[in-house]
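Engineer: quick one, fold the following:
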Amino acid sequence: MIMLSIEQGRAVASTVRSASLLVVTAVLAAAALTGCGEDQRAPQSSSTTSASPSSSPSPSASPTPPADRDGDGLPDLTDTYPDDPKNVPQQAPITVECEDEQGFSSLLTITPGTDGLPDFTTVWLTKATSCEVEGAITVVTDTEKAAYKTSGYADQDISTLYEICAEVDPDDVYAEPGFTASREQVPEINASLMLCPKHPYAKKWREAVKRGQRDIDLEAQGRLFGPGTFRVGKEIKPGTYVTTDVEGCYWERQNKSGDIIDNYFTNSARRVQVTIRSSDYAFSSERCGEWRPAR
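Structural biologist: Reported below is the predicted structural model:
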């Protein structure tokens, strides 16, 4: 057994206490260092998370605007006239059944033209002698409205005008030399010319209308008249009149009492002439056709 003196015992105890203090100090220091490290790593982890691309919102794609070819602000899907910025009403393509000189029939289409008029070009090439529209044609375009008004029709159907425009008949009576359109034919031809001003017979039609309009004006003036009895100065004008190609023609000039001043009868004549005086009360004729001013 080792025996220590009192002084040696004290020295050993002091050394043990010092060593214990060093161990405790080291443990505390290590704990402090560990705590500091954890505090420093936490903010770093938070910063890394916020910088991740997955946490930021992705930009949304802009919607593609609907197609608008004519730039009128109306999408093509809802624009009745997608190629016309003015959206002028147009007639739908019209189907006509036409027959040519050989008697062959075919279905043809009249399409809306670029100038606002119907396009009859394809139909005219067939030189159809007669055409018939399948169904009625309702007035739609401004040109059709003007033509309808001119025609004098009363049923809101302009199929007849389209048929007249479609035909290029070599025997078209309107195109015959010297043909004079009647009072009823003048407005119909004028209306047709509004729809097809470039018709192959357009020039001849206009000449027929011009002659017809001249007769309408003469009739309104009392200088063109047919069979019957007319008051001179009231219903007809005095003057020299002629009629042509007559058979069984009879006329007479009358005074106020109804007595005959002068008269004439012929079985057949190429030309008959009469002078009606202002002193005559009335003039009467039968089977003499149409009287017009002598030239």
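Engineer: got the end-to-end distance for stretch 108-123?
Structural biologist: Stretch 108-123 has an end-to-end distance of 6 Å (Cα to Cα, to the nearest Å).
Engineer: avg pLDDT for that stretch?
Structural biologist: Regarding stretch 108-123, the rounded mean pLDDT is 90.
Engineer: what are the buried residues along that stretch?
Structural biologist: Buried residues in stretch 108-123, counted by 16 or more other Cβ atoms under 10 Å: L108, I110, T111, P112, L117, P118, D119, F120, V123. For every residue, glycine as well, the C-beta is placed using N, CA and C.
Engineer: spit out the contact partners of the last one.
Structural biologist: Put plainly, it is V123. V123 makes contact with V96, C98, L108, I110, C131, A166, according to Cβ atoms under 8 Å, 6 or more residues apart in numbering.
Engineer: number of residues surrounding the last one?
Structural biologist: Residues within reach of A166, counting by other Cβ atoms under 10 Å, total 27.
Engineer: checking the most centrally placed residue in the chain next. Helix, strand or coil?
Structural biologist: The residue lying closest to the centre of the chain (Cα atoms, centre = their mean) is Q90, at 1.6 Å. Of the three states, Q90 takes coil under DSSP: H, G, I helix; E, B strand; the rest coil.
Engineer: surely it touches D142?
Structural biologist: No: Q90 is beyond contact range of D142, at 10.4 Å (criterion: Cβ atoms under 8 Å).
Engineer: what's near enough to touch C196?
Structural biologist: The contact partners of C196, by Cβ under 8 Å, 6+ apart, come to L117, P118, F120, C165, A202.
Engineer: can we see that at 6 Å?
Structural biologist: Contacts for C196 were tallied using Cβ atoms under 6 Å, 6 or more residues apart in numbering; they are F120, C165.
Engineer: how far away is it from N190?
Structural biologist: 12 Å (Cβ to Cβ, to the nearest Å).
Engineer: for the stretch 101-250 of the chain, what spans make up the helices?
Structural biologist: In the stretch 101-250 of the chain, the segments counted as helices under DSSP state H, counting those that start in this stretch are 121-125, 142-151, 159-166, 185-195, 202-220.
Engineer: hey, C-alpha coordinates of the third one in CSV?
Structural biologist: This points to helix 159-166. What follows is helix 159-166, C-alpha atoms only, in CSV (Å, rounded to 0.1, in the frame of the first residue of the first chain):
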residue,chain,number,x,y,z
SER,A,159,-86.4,35.0,-110.5
THR,A,160,-87.7,36.3,-113.8
LEU,A,161,-85.0,39.0,-114.0
TYR,A,162,-82.3,36.4,-113.4
GLU,A,163,-83.7,34.2,-116.1
ILE,A,164,-83.8,37.0,-118.6
CYS,A,165,-80.2,37.9,-117.8
ALA,A,166,-79.1,34.2,-118.0
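Engineer: contact partners of it?
Structural biologist: Applying Cβ under 6 Å, 6+ apart, the contact partners of helix 159-166 are V96, F120, V123, C131, V133, A136, I137, A147, A191, S192, L195, C196.
Engineer: from the chain's centroid, how far away is that helix?
Structural biologist: Averaging C-alpha positions (Cα atoms, centre = their mean, to the nearest Å) puts helix 159-166 17 Å from its chain's average.
Engineer: same thing with the longest one?
Structural biologist: If you compare the mean C-alpha spot of helix 202-220 with that of the full chain, they lie 30 Å apart, counting by Cα atoms, centre = their mean.
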